[in-house]
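K.L.:
one predicted model, sequence on top.
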Amino acid sequence: MITYLASYPRSGNSLTQKIIQTFFERPITTDDQGSRGKGSQKAKTYASGAVPFVTNWRWPNDNSHPPSRWDKLQARTLNNNLNRWIARYDLNVPPYTKNCPYLLPDCSRVLTPKNRQQLAGEDCHFFIKTHRLPFNQYFEGEYVIQPIRHPGAVLWSYFNLKKANGNTTISLSEEIRGSSWSDYHQLWSQAIPLLNGRLIRIRFEDSVLNPLQACEQISATIGLGYNPANKMTSFEELNRKNAKHFRAGQAKGWEEYYTDNQLQLLQNIHGSTMQQLGYEMPKPIKIAY
């Protein structure tokens, strides 16, 4: 089966991935690593044994390979032949499954309807992180976990990420006006009937406070057990390792950085979708004349 971790950028996908890795003890791939043919850092991470629940990383019918050879191996995947995109590992935690398949990162080119249907029919779990819009159809065995977050927090985080990456010309107001946050979630709302109960939305604000509650939602949907005794890496440690990506990790406080006009602009553009997803604006909103 396939479980897509599908979210708008800066909406809590990384947090959801940490929950999957920590409590469900399964590796995650991404449909677009942005590596531009240079190989996947995430694949190297798993191949090097940096996660304790994966061992004996290898290609099918091949011996284990050190991380230094991963780029050369990935060069073999430049087509949509599904067999060339499957690596293998052994699960080092219960149920200790051997020869588990793993779909290599940057896998968007291989996610054809035929290949998706084949992967969805497998007994094992493929977790795929994506920011893409929904497919036109879904197969039995395809599930979607969608992290969602208040658009005010999303756009403030996105705005700061762009500044950290060198874009110092854009303003927060321009970020609000140019955002596709509402369009993204409206299209996913239209896709809900296609999944027939196999899509759940998980609020970033709730997952930050209670990751085990998110585990319950995920487990009930995809039918995979989890280990509640495990401990997640603290946000402070994640921030030390990658402050640009793990910037603040807060559910509240973003509104302090908006002017009254920007809050009103946010309400005007995204208020309808915000309401549909159960979010409210900070109150009261002061309308500037």
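P.N.:
Looks like it came in fine.
K.L.:
quick one: low-confidence ranges for the chain?
P.N.:
Residues of the chain that meet the criterion pLDDT under 70 lie in 33-50, 59-79, 234-251, 283-289.
K.L.:
for it, longest helix please?
P.N.:
helix 260-276 (DSSP state H).
K.L.:
list the contacts of that helix.
P.N.:
For helix 260-276, the surrounding residues in contact (C-beta atoms under 8 Å, 6 or more residues apart in numbering) are 150-152, 155, 172-173, 176-177, 179, 181-182, 185-186, 189, 255, 258, 280-282, 285-288. All C-beta atoms are positioned from the backbone trio N, CA, C, and that covers glycine.
K.L.:
next step: these restricted to helices.
P.N.:
Pro151, Gly152, Leu155, Leu172, Ser173, Ile176, Arg177, Trp181, Ser182, His185, Gln186, Ser189.
K.L.:
neighbour-wise, which one of these leads?
P.N.:
The most crowded member of these, judged by other C-beta atoms under 10 Å, is Pro151 (27 neighbours).
K.L.:
okay, now the closest residue in space to Gln213 that isn't next to it in sequence: neighbour count?
P.N.:
Sequence neighbours aside, Asp206 is the residue nearest to Gln213 in space, at 6.3 Å (criterion: C-beta to C-beta, 6 or more residues apart in numbering). Residues lying near Asp206 (other C-beta under 10 Å) number 15.
K.L.:
my guess is Asp206 is in a helix, correct?
P.N.:
Yes - judged by DSSP: H, G, I helix; E, B strand; the rest coil, Asp206 forms part of a helix.
K.L.:
quick one: contacts for the residue lying closest to Tyr226 once chain neighbours are set aside?
P.N.:
Among residues not flanking Tyr226 along the chain, Phe23 sits closest, at 4.1 Å (C-beta to C-beta, 6+ apart). Taking C-beta under 8 Å, 6+ apart, we find Phe23 in contact with Pro211, Leu212, Cys215, Tyr226, Asn227, Pro228, Asn230, Met232.
K.L.:
if we can go back for a sec, out of the ones in helices among the contacts of helix 260-276, which comes closest to Ile19?
P.N.:
Using C-beta to C-beta, His185 comes nearest to Ile19 of the ones in helices among the contacts of helix 260-276, at 20.9 Å.
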